[in-house]
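Q: need a structure here:
(chains A, B, C, D, E and F, ligands or ions: 8)
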Amino acid sequence: MSYSTKSPWIIHYDGSSCNGCDIEVLACLTPMYDLERFGIVNTGNPKHADILLITGSINEQNRDVVKQIYEQMPEPKVVVAIGICATSGGVFKKCYNILGGVDKVIPVDIYVPGCAARPEAIIDGVVKALRILEEKSKALHNKGGKVQ
Amino acid sequence: MNVLYLVSMIGYIVLAPIFGLVLAGLDRKVSARMQRRVGPPVVQPYYDVRKLMEKDQVTVNKVQDFYVFCFLLFIVITGCIFFAGGDLLLVVFTLTLANVFLVLAAYSSNSPYSQVGAERELYQMMAYEPMVLLTMIGFYLAVGSFNVSDILNGDKMPIVTMVGIFVGFLFILTIKFRKSPFDLSMSHHAHQDIVKGVTTEFSGRTLAYVEIAHWYENIMLLGIVFLFFCNGTWWGYVIGVVVAAVSFFLETFIDNSFARMKWQVALKSSWVVSILFGLINVALLIWVF
Amino acid sequence: MTRSHEVQEITEISYSDLLVKAKELAEGGYRAVQICATSKDGKTEMLYSFDKDFKMINYRVNVPSEMRVSSITGFFWSAFIFENEVHDLFGIEFTDLVLDYKGNFFKLSSKTPWKTEAKKEVQ
Amino acid sequence: MGSFKIGGIVLSSAFKRPSTRLYPTVPRKWQDNTRGHVEIDPEQCILCGICSKKCPADALTVDKAARTWTIDRMSCVQCRSCVESCPKQCLVMKNEYTSPNVKKVIDTVNIPEKVKKEE
Amino acid sequence: MYSVFFLLLFPALMAVLLLLVKNDKLRGVIVISGAIVIMAASVYVALEFLKDGTTYFNFESEMLDWFMLAVELILCAAVIYLGMKYKKYLASILSLVQAVFLVWFEITYAHEINVLNNLYIDQFSIIMILIIGVIGSLICIYSLGYMRDFQEHHVSEKDRRPWFFFLMFIFLSAMFGIVTSNNLMWFFFFWEVTTLCSFALIGFTKTEEAVKNSFKQIILNLVGGIALILAIIVLGTQYDVMEFDVLLRMDSNAMYVMLAVGLFSIAGITKAALMPFHSWLLGAMVAPTPTSALLHSSTMVKAGVFLILKLSPMYGNNVVGYMVMCIGGLTFLLASMAAISQSNAKRVLAYSTIANLGLIAACGAVGTYEALWAGMMILIFHAVTKSMLFLCVGTAEHHIGSRDIEDMDGLFSRMPKLSALMIIGISGMFLAPFGMLISKWAAMISFVNSENLVLITCICFGSAVTIFYWGKWLGKMVAVVANSKDVEESVHKEEWVVLGLLATLVIAICFSFPFISSEILSPYLLSVFGQPVNPIFATFGIAYVCVLLGMLALLVVVPIPFFNKTKKKVRNNYMCGVNNGDNQSYSGSMGMSVNVSMRNWYMEDWFGEDRINKIGLVLTTAIIIVAFVLILGGVTS
Amino acid sequence: MGKRTIVPFGPQHPALPEPIHLDLELEDEKVIRAVPSIGYVHRGLEKLVEQNDYQIMCYVMERVCGICSFGHSWGYAAAVEGLMDIEVPERAEHLRTIFHELSRIHSHLLWLGLLADAMGFESLFMHCWRLRESILDIFEKSTGGRVILSFTKIGGQFKDIPKESLAEIVIILENMRKELLVVTNVFLDDTSVKNRMCGVGKLSKEDIMKLGAIGPTARGSGVNNDARCLDLGKYKELGFKPILETDGDCYARCKVRVREIFQSIDIIIKDVENIPEGPVNIPVKGMPPMGDFIARIEQPRGEAFYYVKGNGTKYLDRARVRTPTNANIPILVKVLQGCYLNDVTMMVMTIDPCISCTER
Ligand code: SF4
Ligand code: SF4
Ligand code: SF4
Ligand code: SF4
Ligand code: SF4
Ligand code: SF4
Ligand code: SF4
Ligand code: SF4
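A: Ligands and ions are numbered 1, 2, ... in the order given. Now for the predicted structure:
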């Protein structure tokens, strides 16, 4: 079993969201939902993170930022797009400055729908992400990428 | 006698991470409960470290690992010297060396937030070092030896004449445990003004080393707390262990009861405490007791 | 009760009056509430709002889209944020902008998305 | 002024039950109003397309020719606009949200031919 | 005995020779061969006399005394002249006063006093001889390359290198004299010669600042010189004593003896640049760097503490003892603090030197064998390490064009070898397995044992502060900056050789310090205090020495596996997601690419130089005044 | 020492709630210069008026910001209602007031939590957010959404809130009050918290007036521009008095918000007592006419400005929001100068920036 799933550390980045999903992500960390039950810690630093929770859609200016955060996360890593904005652009999809969902710039592993995504949905999404994380972790090790 | 010390040294190497881990886990659990949360499992720190070991190994430069490894190594050596009944001043100096390695690791990455973290870490060292030295001097004056083994077997409880120093030491323990109000250079909390400070650029195994080093370090520091209560009898030891545990959770409580203060406060307050509690107590030890 | 809120007067002024009025208001202790541009048929309508003690004064100025407009940031420093925005979105150039982002206020996928062409049919 | 102002809550909290909702261990009961996902009653729909016009997120497609009503679940913002605007009241907002998925879910509903009544 | 004379005379001869040689190549040959001879001679002397312990030489010559007086008067005249010329009348006046005292004493008393032994040599002198001989000669060699660069930077000026090397070698002679004179008048003579050498070297570049600072130096040191001559006068007139060994056997609690010791201490304090006289050493940093390394860190200022350490048995729990202790302790604490606010590498080194000299002086003043042991150890380690650091900074300066620590960003990538040396040097100053720390440790123990609260405070807080300023410098150096160019090729060969040797010396001394302790220090301490203890083993025990040596060895071994293989992938730095990809810049506001830069903390508000110096000046001056009032009032302990 | 530390602060930074970027120039940790840049959240949603009719725009508008989404839908609706000369039923107006104040409580608690978090005061953050959940529960129960309510439409509210539910809200608020007092007292009284806030980021009354700051930021310096003093909503009837503090530092701004929480509770309770029976919406017919209209509303962060311009079709010519943060950013630039790096987060927090709405 991979320990990644026991201790998934997250980083949260806010693309061009309306804050709605953002605060719901944060709410997940607070007493009512307490993601730390699953060993989840909000690291705020891509270099420590395993899961990128990203809310809001991609626009011209944050495109490179999102890419860079993703690149700076060490493998194995998963990306969870939270909220309709992050999955498809949502109500803003037709805006001139919106390129669309997060999958426009980085590969997304889990889409969490909702506007705003409910904390429960976010938890579900993260739990699903853990499975993917586990697979990725196995794949990484089978490649012989590292010795334990 | 020598064999005994060898045993306790090996015991430290083997057991300290286990105790350190559990303490770290309990700290998180208790903190969570204080915040009306469920919190992670107690062995969560273990998972974290295993996870970090598993991660893909990336770094920002090739020398960083060396420094971090030395940090861990010298923390362990510090603890070994301590638990082998060694000289307290040597313990302090080795600990300083270890911490300097951590600082260098942060500097070496040449990244903005690591550097600010390193700077703050050094600054914190400057803040707590006098009190640490005074504590050791206090032991010497109270017991007549810098040797842990002598203090362990001394017949009077050091705390009796070292109450002030004990308070001062607890104060700087907040800095050493990286707890609010003085978790300035790095913090377990994400919402830190300097990102992750010292550890910003560490990842994977390097970060795991830092974590493990903290376990070792915490146990060693609690060992010093324990030392205040040794009088060569079994109940002295019991009191020591209990107080050490209590002080650990006291720190957790303090962590949850304070905001991170401005960094300026750290130096001022810990120097004031060093003078008020440490130095005056040392003076009393010299002139009165 | 007919309406639950006050109706705002919008006064149309000529462009040449803009700075005069701005100066007047600045001296009168007004704050700049906002600047709103509306572009239609190659013309831009600038709406300036100022407020003092809940009394709002709104001026409308019509300018051709290509015209360089004088900045009011000399009187209302904080208006740099509105003018830079208008510059980036509507392509209006401001003269004497005190804190000029030079078109780097927003990074946009298309340049001046709100700017309309003179002939363009609007829905 | 003083320290440990929060000490009381913090200490007492340590001995109180956490206020955490143990989701997903304990499933969540939804409020009646909770906006989760849109469901259609295909029997009622007349493929008028109003819902799709009123959708701010362009999540709905109504294809008269193919007789399908399609919702892009990963675009719907649960605004209830379609529900409100449907002349036949054949749309309802259910409590359960669309569950997170590895791909974008698009649900297509076939609208059966209706036997013309009076009109 | 002739070997000692050789040491005294040979450098002086070389000096005269160098003054005459104008050819660069030839000068190189002479300097190198001369330096090697001096080095060899000092080692020879050391070996010759190590076994014998304290040895006295009776060498008398009326001629010589008159010669010295003549030279002294010429020097005084020179200072008076220069003082008038540059309108620094204070210097002239002080010099005049000194000359008057000197002549008066020489004429009235000096010749009446019978001096048994003019020269002597003991283990402490041996240590000093080795330091002067080895480090001094190495620095002279180093200067060759450095001064060549210097000349290139200052083409417009006349080549004054002969003068430079003349001074350096004369200085060596004088230093040898200081540490081997038993005759106080001789001691005074050599002392004044070093002062003048320093004066000339500080003013070497002849810039306005250099001149100003050189006068600052001469004025403060003349105060010391006057104190010295006064001390000699007191001893001579009151007790007919003009020899060190006799002085050391006297009862320090007698009022005049104490007065003399007090005056000696003032002389020592000025020379060692302790507060309140420390400002001259900072000013001295305008001199060419080898000068700073030689005169202002490893040898000349050491003469000041040498005097204090030598007088150690006279100190202890008496007024002068406390005076020097407090001044030393405070100097250590305050100079360390002031070092925080400095970004000029040489000034940091200068403050650190002042701090360490303070610590050594405090050790000497405690007057116990442990403390003296610690003091001597610090002296040794400091001399070696600091001179190396100065030379490193000198070399770095010529290649990166700045002596500012802030410009040493990532020096490790730009000048890897040099930075490795610097890192060794800096670590040597404050980190665990290195000698400085061991000595500080001993100092701390001896302070605690002497139950002196002021010293305990100073050393606890001072050490903490020390960590900060060295740590941040070290950090600057180790930073790995991407895409930096290696600029090391152009470093002169002489410089490498010398730096390498010094670094070897630093490490060698660390490893051999048990030997130094047992073979050199212990016999000396035995002879001084009559206590047959080897403090290193008494206070630490053999086990710790092993631990420390082990740690040191570890530090050498551990890097090997790490530096060679890292399979890790290298990624970019974290910069809030806007790193431009080169780790050097990020895309910032207004669409600009902004270069990141990182600057250390200086905490100007708290540790600003002016503020600290003011505090130091007030406190230490007060201490001196109080001490002398007490002594003159007859209170001695 | 000419050199300075130059570091990027944001857009991705854990202490920043939302992406904004600052170029910081530091000496030690003192900020010598700070140049902000925004645009990481800019979507351009105002331009959606060309594609969505004026009614659907209401859904878009409430997504200007997820924190005070209710206020945005109200503000926009009010502007359109003004333009179309629609009179909203009394009960709807009362409901709007109640929900707006609930939003304020939730927003202020959220803000207090984030403030605590910015100070590294984790437990305080957790407790604030724990209390905030009660408000979200009210929202979910009554409107079906936790943060995006979709409760307002042009002409009134979607549905009525039954009497019992209103009574329940009052009970919940009354129950919260006690615990709120203890928690907020920590902000006002704890030494370590005060250490971070008192005297930090001072803004004089003149600064505020000159730079046009609004909301609690302005009220912390004694400047009243609380748009609740205007006609919109039922505030006048409820005897609303704005809360003012005079110190102008972070602490004062925090205090304003703490006091506003309790004030909001009082307003809600009073409003529930006074709410008349009746319809909650009226049918809206026709198109927005030619012309324009301005509405202002007091959001948790300050006055928001809405401008709509109709052209006789169902598509508006222009809808414009000037949100509170938009007006407060100049203040940020000012206040950052000369503070310390660890104060930067505090400064950013105390003007309570909502970048989302700033950039739209
Ligand atoms: S999905 Fe909805 S709530 Fe979430 S960020 Fe987008 S608009 Fe806001
Ligand atoms: S990272 Fe720390 S401060 Fe942030 S939410 Fe988690 S526990 Fe709290
Ligand atoms: S669901 Fe309703 S609105 Fe949509 S097409 Fe069917 S009948 Fe028309
Ligand atoms: S709920 Fe809203 S977004 Fe979803 S389909 Fe209906 S109208 Fe579209
Ligand atoms: S029911 Fe009404 S809205 Fe639908 S098509 Fe007929 S007239 Fe149009
Ligand atoms: S550093 Fe300055 S003084 Fe030294 S050689 Fe170069 S230019 Fe001359
Ligand atoms: S909206 Fe609130 S929770 Fe979300 S990022 Fe902004 S401040 Fe944080
Ligand atoms: S300031 Fe704007 S974005 Fe922020 S909460 Fe208020 S309305 Fe929403």
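Q: Residue in chain D with the shortest distance to ligand 5?
A: residue D:87 (4.1 Å; Cβ to the nearest ligand atom). Every residue, glycine included, has its C-beta placed from N, CA and C.
Q: and that residue, what pLDDT?
A: Residue D:87 carries a pLDDT value of 86.
Q: so where's chain A uncertain?
A: A:1, A:143-148 (pLDDT under 70).
Q: Can you show me the helices along it?
A: A:20-29, A:63-72, A:83-88, A:119-142 (DSSP state H).
Q: Put together CSV for the ones you listed, with mean neighbour count and distance to ligand 8 on each row.
A: Converted to CSV, these look like this (neighbours: other Cβ atoms under 10 Å in any protein chain shown; distance: least, Cβ to the nearest ligand atom, whole Å):
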stretch, mean neighbour count, distance to ligand 8
helix A:20-29, 27, 10
helix A:63-72, 21, 20
helix A:83-88, 33, 14
helix A:119-142, 20, 19
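Q: what's the closest of these to ligand 2?
A: helix A:20-29 (4.6 Å).
Q: what sits up against that closest one?
A: With Cβ atoms under 8 Å, 6 or more residues apart in numbering or on different chains as the test, helix A:20-29 has contacts from A:12, A:14, A:33-36, A:40, A:42, A:53, A:55-56, A:82-83, A:85-86, A:114-119, A:122-123, A:126, F:17-18, F:63, F:65-67, F:69, F:110, F:129, F:133, F:136, F:146-148.
Q: from the middle of its chain, how far away would it be?
A: Remark: helix A:20-29 is offset 12 Å from the chain centroid, using Cα atoms, centre = their mean, to the nearest Å.
Q: what do you get for stretch A:26-39?
A: 15 Å.
Q: is any part of that stretch close to ligand 1?
A: No - counting by Cβ under 6 Å from any ligand atom, ligand 1 has no neighbours in stretch A:26-39; the shortest distance is 12.4 Å.
Q: What ranges in chain B fall below the confidence cut-off?
A: Ranges of chain B meeting pLDDT under 70: B:1, B:187-192, B:289.
Q: circling back to that earlier point, dump the helices of chain A to a markdown table, plus distance to ligand 6.
A: Shown next, in a markdown table, are the helices of chain A (distance: least, Cβ to the nearest ligand atom, whole Å):
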| stretch | distance to ligand 6 |
| --- | --- |
| helix A:20-29 | 55 |
| helix A:63-72 | 41 |
| helix A:83-88 | 58 |
| helix A:119-142 | 53 |
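Q: In contact with residue 137, which residues are there?
A: Unless you meant another one, I'm taking chain A. With Cβ under 8 Å, 6+ apart, residue A:137 has these contacts: A:2, A:4, A:5, A:76, B:54.
Q: that's the wrong chain, I wanted chain E
A: E:34, E:35, E:36, E:38, E:39, E:172.
Q: from those residues, which is closest to residue B:283?
A: The nearest member of the contacts of residue E:137 to residue B:283, counting by Cβ to Cβ, is residue E:172 at 46.5 Å.
Q: Check which element follows the helix or strand containing that closest one along the chain.
A: Using DSSP states H and E, residue E:172 falls within helix E:161-180. Downstream of helix E:161-180, the first helix or strand assigned by DSSP H and E is helix E:184-202.
Q: Show the secondary-structure elements that that following helix is packed against.
A: In terms of contacts (3 or more Cβ pairs under 8 Å, 6 or more residues apart in numbering or on different chains; DSSP states H and E), helix E:184-202 is packed against helix E:62-85, helix E:161-180, helix E:208-239, helix E:244-249, helix E:255-271, helix E:289-293, helix E:300-310.
Q: closest one to chain A among these?
A: Chain A lies closest, by Cβ to the nearest Cβ, to one member of the helices and strands packed on helix E:184-202: helix E:289-293, at 40.8 Å.
Q: what's in contact with that closest one?
A: Contacts for helix E:289-293 (Cβ under 8 Å, 6+ apart): E:139-140, E:142-143, E:146-147, E:168, E:198, E:201-202, E:204, E:284-285, E:346, E:349-350, E:386-387, E:390-391, E:393-394, E:397.
Q: Is that helix positioned near ligand 6?
A: No - Helix E:289-293 lies out of reach of ligand 6 by Cβ under 6 Å from any ligand atom, never closer than 6.8 Å.
Q: Wait, the residue of chain D closest to ligand 5 touches residue D:50, no?
A: Yes - assessed by Cβ atoms under 8 Å, residue D:87 is found in contact with residue D:50 at 6.3 Å.
Q: And these two? Which one has more around it.
A: residue D:50 (16 against 10; other Cβ atoms under 10 Å in any protein chain shown).
Q: Roughly how far does the more buried one sit from chain A?
A: Distance of residue D:50 to chain A, given as Cβ to the nearest Cβ, to the nearest Å: 18 Å.
Q: what sits against the nearest residue to that residue once chain neighbours are set aside?
A: Spatially, and ignoring its direct neighbours in sequence, residue D:50 is nearest to residue D:85 (5.4 Å; Cβ to Cβ, 6 or more residues apart in numbering or on different chains). Residues in contact with residue D:85 (Cβ under 8 Å, 6+ apart) are D:50, D:51, D:54.
Q: give me that answer again for 10 Å
A: By Cβ atoms under 10 Å, 6 or more residues apart in numbering or on different chains, the contact set of residue D:85 is D:48, D:50, D:51, D:52, D:53, D:54, D:55, D:91, F:55, F:56.
Q: again, but for residue F:150
A: The contact partners of residue F:150, by Cβ under 10 Å, 6+ apart, come to A:115, D:35, D:77-81, D:84, D:93, F:58-59, F:62-63, F:69-70, F:73, F:143-144, F:158.
Q: What is the neighbour count of residue E:36?
A: Neighbours of residue E:36 (other Cβ under 10 Å): 12.
Q: before we move on, what about residue E:230?
A: 20.
Q: For burial, what's the neighbour tally of the nearest residue to it once chain neighbours are set aside?
A: Leaving aside its chain neighbours, residue E:230 sits nearest to residue E:263 (5.1 Å; criterion: Cβ to Cβ, 6+ apart). Using other Cβ under 10 Å, the number of residues around residue E:263 comes to 24.
Q: what about residue E:263, distance to residue E:608?
A: 33 Å (Cβ to Cβ, to the nearest Å).
Q: can you pull up the bridge partners for the residue most central in space within chain D?
A: Chain D has residue D:37 as the residue nearest its centroid, 1.9 Å off, counting by Cα atoms, centre = their mean. Beta-bridge pairing of residue D:37 under DSSP bridges involves residue D:94.
Q: Surely it and residue D:71 touch.
A: Yes - applying Cβ atoms under 10 Å as the test, residue D:37 and residue D:71 come out as touching, 8.4 Å apart.
Q: what do these two both touch?
A: D:98, D:105, D:107.
Q: and the first one, how far is that from residue D:69?
A: Distance, residue D:98 to residue D:69, using Cβ to Cβ: 16 Å.
Q: Report the secondary structure state of the residue of chain D closest to ligand 5.
A: With DSSP: H, G, I helix; E, B strand; the rest coil as the basis, residue D:87 sits in coil.
Q: I'd like to check which residues are in contact with it.
A: D:44, D:46, D:48, D:50, D:51.
Q: where does the second one land in three-state SS?
A: Secondary structure assignment for residue D:46 (three-state DSSP): coil.
Q: Now do it, the pLDDT please.
A: Looking at residue D:46, the pLDDT reads 85.
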